[in-house]
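Chemist: Structural data only, the sequence is not supplied:
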């Protein structure tokens, strides 16, 4: 190696250039590897559109399930009312008949 105040020899320059070339090659290979892992804008946009479509489909399905649940609640409420009226109506009729018969003195 040369002293600090001397110019480098051609051999030292060639060795330094070779080292720079090797470093540059390694850096470009690493950059190439990273670029291979990147996704293009078109692929990314297509993926985003597909995700948006899936979300819209899930939202529609959820809305349908909620509407179905509400209709089932309404149907259950209607069935309860029918069951109560089916049980209460004969009792009311029997009590009314008993009151009328008692009022007429026929019992």
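Modeler: Cool, the structure landed. Just so we're clear, the structure is a prediction, and the values are computed from it rather than from any experiment.
Chemist: Please compute how far the lengthiest helix in the chain lies from its chain's middle.
Modeler: Determined from DSSP state H, the single longest helix within the chain is helix 41-104. Relative to the centre of its chain, helix 41-104 is centred 27 Å away, using CA atoms, centre = their mean, to the nearest Å.
Chemist: Numbering from 600 from now on, please.
Modeler: Understood, numbering begins at 600; the last thing we discussed is helix 640-703.
Chemist: helices or strands next to that helix in the packing?
Modeler: Judged by 3 or more CB pairs under 8 Å, 6 or more residues apart in numbering; DSSP states H and E, helix 640-703 is in contact with no other helix or strand. Backbone N, C-alpha and C define where each C-beta goes, glycine included.
Chemist: As a quick check, tell me the outermost residue of the chain.
Modeler: residue 704 (73.8 Å; CA atoms, centre = their mean).
Chemist: which residue is nearest the centroid of the protein?
Modeler: For the chain, the residue sitting closest to the mean C-alpha position, by CA atoms, centre = their mean, is residue 654 at 6.2 Å.
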